[in-house]
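Asker: This is the structure alone, sequence omitted:
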């Protein structure tokens, strides 16, 4: 017997034909979210009534949502970030949470490097000038041989490093996880990377690219002091999360020439409000949180999200559970669908 599933991640309808087919073949009833933008907590509660699973984007899964939606047993996140999910509250409520690590790594890395090149060579400015009937010179800076600082060196940071190697860039990385006993394994054949403190990275890098997760300790990681520590000739790129950046400080750094330019795919509030100062900041490239959105990667991400749901329906345990403590919870909501391991 299939489940009623809320499809909150709109990528399913644009890139997830195979994922949709697998869900429907498993007997799932798919509930489409017609709202433009991200549903509020109250709207999410309304949409989730009677749903056993959510094909989730970045809408807020809070303790209030779990309490008001007793049928919800699984939040299957379409993406890797789980900062919109209150994990302790999910575990307390007996709700399983999964994600899709790795599916969008290359897409985000591609966009990161596209941002880097576009900012350095003023590609958007040149395009707009010629489109509007103009001409002229647009002096940029070389990327080849420059120093790239990677703040966060997980899957995406490593993928960016591999792309940078083709431009003979010197690579610096800052990642506190690298010194932990459970340090992540690094991909084989990585180019040489020098691990340094964040302070040293900011002082030396010509391009600073942010790839850290959204955690309590990383909120506002890039503030006025961090931008002031960068070279005036440096560029800042964020394809991680908007919550890691003090956006007012970024606007000031660009307006005063404290840094040469920036590019960001993510924002504290999404969609970005029409009157937001970032829309008017100089030397800033903006994109609407589409780092994942290469067709091949979006399709793989949707399929992995769907399979986390259909695994449960087959009586199997999903591979990418992010709150494994829920299995031992007496409130586990999957009773009758899956035996506890």
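Answerer: Noted; the coordinates are in hand. Since we're looking at a predicted model, the values are computed, not measured.
Asker: When you work out contacts or count neighbours from here on, use the C-alpha atoms and nothing else.
Answerer: OK.
Asker: all helices for the stretch 51-200 of the chain, in order.
Answerer: Here the stretch 51-200 of the chain has its helices, by DSSP state H, counting those that start in this stretch, at 63-68, 87-93, 105-121, 123-131, 155-165, 198-204.
Asker: Redo the ones you listed as CSV? Include mean pLDDT and distance to residue 292.
Answerer: Shown next, in CSV, are these (pLDDT from 0 to 100; distance: least, CA to CA, whole Å):
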stretch, mean pLDDT, distance to residue 292
helix 63-68, 98, 27
helix 87-93, 98, 23
helix 105-121, 98, 5
helix 123-131, 98, 21
helix 155-165, 96, 11
helix 198-204, 98, 26
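Asker: The spatially closest residue to residue 8 that is not a sequence neighbour: neighbour count?
Answerer: Nearest-residue entry for residue 8: residue 56, 5.1 Å, with adjacent residues in sequence omitted and distances by CA to CA, 6 or more residues apart in numbering. Residue 56: 27 surrounding residues under other CA atoms under 10 Å.
Asker: cool, and residue 166?
Answerer: A count of nearby residues for residue 166, using other CA under 10 Å, gives 11.
Asker: Could you do residue 231 as well?
Answerer: Residues near residue 231, counting by other CA under 10 Å, number 17.
Asker: so residue 224 makes contact with residue 250?
Answerer: Yes. Between residue 224 and residue 250 a contact is recorded at 7.3 Å, counting by CA atoms under 8 Å.
Asker: higher neighbour count, the two?
Answerer: Using other CA under 10 Å, the more surrounded residue of residue 224 and residue 250 is residue 250, with 24 against 19.
Asker: So which bits of the strand or helix carrying that one are buried?
Answerer: Counting by DSSP states H and E, the element that carries residue 250 is helix 247-255. Of all the residues in helix 247-255, those buried under the rule 16 or more other CA atoms under 10 Å are 247, 249-255.
Asker: Now for these: which two are most distant?
Answerer: By the measure CA to CA, 247 and 255 form the most distant pair in those, at 12.3 Å.
Asker: Go through the helices of the stretch 51-200 of the chain and name the closest to residue 270.
Answerer: Closest to residue 270 of these, according to CA to CA: helix 105-121, at 17.8 Å.
Asker: counting contacts, what elements does the helix holding residue 250 pack onto?
Answerer: Judged by 3 or more CA pairs under 8 Å, 6 or more residues apart in numbering; DSSP states H and E, helix 247-255 is in contact with helix 224-229.
Asker: Next secondary structure after the helix it packs on?
Answerer: As assigned by DSSP H and E, the chain's next helix or strand after helix 224-229 is strand 235-238.
Asker: Let me see the domain layout of the chain.
Answerer: Residue ranges for the domains of the chain, per automatic domain parsing: 4-103+295-328, 105-286.
Asker: for the ones you listed, which one ends up most surrounded?
Answerer: domain 4-103+295-328 (a mean of 19; mean count of other CA atoms under 10 Å).
Asker: From one end of it to the other, what's the distance?
Answerer: End-to-end distance for domain 4-103+295-328: 25 Å, by CA to CA, to the nearest Å.
Asker: again with stretch 139-155
Answerer: First-to-last residue span, stretch 139-155, CA to CA: 33 Å.
Asker: mind checking the SS state of residue 39?
Answerer: At residue 39 the chain is in coil, as set by DSSP: H, G, I helix; E, B strand; the rest coil.
Asker: got the contact list for the residue nearest to residue 8?
Answerer: Residues in contact with residue 56, defined by CA atoms under 8 Å, 6 or more residues apart in numbering, are 6-9, 75-78.
Asker: Grab the nearest non-local neighbour of residue 199.
Answerer: residue 229 is the one closest to residue 199 (CA to CA, 6+ apart), at 7.4 Å.
Asker: Kindly report the same for residue 330.
Answerer: In this structure, residue 330 finds its nearest non-sequential neighbour in residue 94, 7.5 Å apart by CA to CA, 6+ apart.
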